[in-house]
Structures are given as C-alpha cells and as structure tokens.
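**Student:** no letters, just coordinates:
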C-alpha cells in the first residue's frame, strides 16, 4: 500500500532563517506531488506541484521554492523565512493522469517568530 | 482562478442529517472532491463526483450539478466524531495541469 511521510511535524523558526521540509512517498512510482499551505482559518492554497523529477510548477508567487530530486521525494525550501510564511504545510500525492484523489501527509506546523 | 464558496460554519444535532453546500466557478472542470479535516490533522478523502448526480458511500453522499456549478455533501445519522471541517475541492486543468483547488472549508459542530 502507498504511504506518505512528511517531517518535521512542528517547527519554530526565526525570521530570516532558512527552511527545508521533506516529503517522501512509498509504494507508488511517478506520483504527482503537491505542496499546500493552510493559514489559520483559511483553505488549502496550492503552492507547488510536480509531475516528474526536476519538474516543478508554482501556482502563486512567494518566498518559497520546491525541488524534486528523486521520483518520490519532494522538498519545500526557503532561503529567508518571513512572518507571513507561518502556517500548516501539507504534502500530497496523486496517482495517474485521470480523476484521482489526493492523499495527504500529516502536515508540518510552521511558526515563524 | 477558481472561486469556490462554502458556508463557514454549521451546527447540527447528533443523529440528524446535515447538508453542506459548495458552489464553484472554474474553467477546465474535471471533477469535485470532498475531504474531511479534523483540527490539526491532514485532510482525508471522502468522495468525488465527475458526472451529475448523487454518489452514496455509507452515511456520506455527494451530489453534483455541473451546469449549476453546485455540489453538496450530505451526512446522515450524525455522530459526535463527525465534528470537523469539510473541504470542497475542484479538480481543474485551468492552470495547465489537473490539480485540486480547495475552498475554505465548512466547520461542522455536532451537538448532543
């Protein structure tokens, strides 16, 4: 069966510090991978998606970047965090090219102080 | 972008039925998904509709009308554990690739 791992679960970082969140998927190959952010009291905002190794598309301009160095690994990064980067970050994967559901990791609660 | 609207909050009584509505405006529509999210946790998939009509899965049913840009999630025989946020998500290729775009969610509180 497929599983998705995301870490860390919580993170407190000072403004201006770098960020690296990692997500890995097991039990499937060539998944579509996603990073979402959920601010307090708001919906999930799609940040990045990837359909293959090295292929990254951004949905919104921002202070973050994403990379996919391996088929089942997706990394969210920032060189210098802003206060507005605080939120609940969720990695997700989806299989196939048809209409299929997305499966989410457990999320990372990021607080920038 | 996608305009997806849901009520912010709803309250219902244990054992009752509740309907959570979702309206959307998007091009490239390919399907509509419903997710459940308990506070502080990841969303979990409930159901999806590609064609018009009702899809039933146990106590949960979801309805879609593509011509009206409208969907609802119906929860029957409500239980206390159903207290959660319910997220409506549009599956759309409007931005060039099929992706899931979420509404802000409806926070449902089930009371005894």
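**Tutor:** Structure received. Quick caveat: nothing in here was measured; it's all calculated off a predicted structure.

**Student:** do you know how far residue A:84 is from chain B?
**Tutor:** Plainly put, residue A:84 is 18 Å away from chain B if you go by Cβ to the nearest Cβ, to the nearest Å. For glycine as for every other residue, the C-beta is placed from the backbone atoms N, C-alpha and C.

**Student:** tell me the pLDDT at that residue?
**Tutor:** pLDDT recorded at residue A:84 is 92.

**Student:** contact partners for it?
**Tutor:** Residue A:84 makes contact with A:63, A:112 under the criterion Cβ atoms under 8 Å, 6 or more residues apart in numbering or on different chains.

**Student:** residue B:27 against residue B:95, yeah?
**Tutor:** No. Using Cβ atoms under 8 Å as the test, residue B:27 is too far from residue B:95 to be in contact (10.0 Å).

**Student:** looking at the two now, which is surrounded by more residues?
**Tutor:** Just comparing residue B:27 and residue B:95: by other Cβ atoms under 10 Å in any protein chain shown the higher neighbour count belongs to residue B:95, 15 against 8.

**Student:** and the residue nearest to that one when sequence neighbours are not counted, how many neighbours does it have?
**Tutor:** Setting aside the residues directly before and after it, residue B:95 is nearest to residue A:59 in space (Cβ to Cβ, 6 or more residues apart in numbering or on different chains), at 6.6 Å. By the criterion of other Cβ under 10 Å, residue A:59 has 18 neighbours.

**Student:** ditto for residue B:56
**Tutor:** Neighbour number of residue B:56 under other Cβ under 10 Å is 12.

**Student:** so is the helix or strand containing it next to chain A?
**Tutor:** For residue B:56, the host element (DSSP states H and E) is strand B:53-57. No. Judged by Cβ under 8 Å from any Cβ of the partner chain, strand B:53-57 stays clear of chain A, getting no closer than 12.3 Å.

**Student:** what lines up beside that strand in the sheet?
**Tutor:** Each strand paired with strand B:53-57, and its direction, by DSSP bridges: strand B:60-65 (antiparallel).

**Student:** give me the contact list for the strand it pairs with.
**Tutor:** For strand B:60-65, the surrounding residues in contact (Cβ under 8 Å, 6+ apart) are B:32, B:34, B:46-55, B:70-76.

**Student:** report the distance from that strand to the chain centre.
**Tutor:** Relative to its chain's centre, strand B:60-65 lies at 8 Å (Cα atoms, centre = their mean, to the nearest Å).

**Student:** now do stretch B:67-83
**Tutor:** What separates the centre of stretch B:67-83 from the centre of its chain is 7 Å, taken as Cα atoms, centre = their mean.

**Student:** now do the same end-to-end measure for it.
**Tutor:** Start-to-end span of stretch B:67-83 (Cα to Cα, to the nearest Å) is 31 Å.

**Student:** list the buried residues in it.
**Tutor:** B:69, B:71, B:72, B:73, B:75, B:78, B:82, B:83 (16 or more other Cβ atoms under 10 Å in any protein chain shown).

**Student:** who's the fourth one bridged to?
**Tutor:** Taking DSSP bridges, one finds residue B:20, residue B:62 as the beta-bridge partners of residue B:73.

**Student:** that one and residue B:54, how far apart?
**Tutor:** Distance, residue B:73 to residue B:54, by Cβ to Cβ, to the nearest Å: 11 Å.

**Student:** cool, the third one as well?
**Tutor:** With distances defined as Cβ to Cβ, the gap from residue B:72 to residue B:54 amounts to 9 Å.

**Student:** next secondary structure after the least confident helix or strand in chain B by mean pLDDT?
**Tutor:** Ranked by mean pLDDT, DSSP states H and E, the weakest helix or strand in chain B is strand B:99-102, scoring a mean of 90. Downstream of strand B:99-102, the next assigned helix or strand under DSSP H and E is strand B:106-111.
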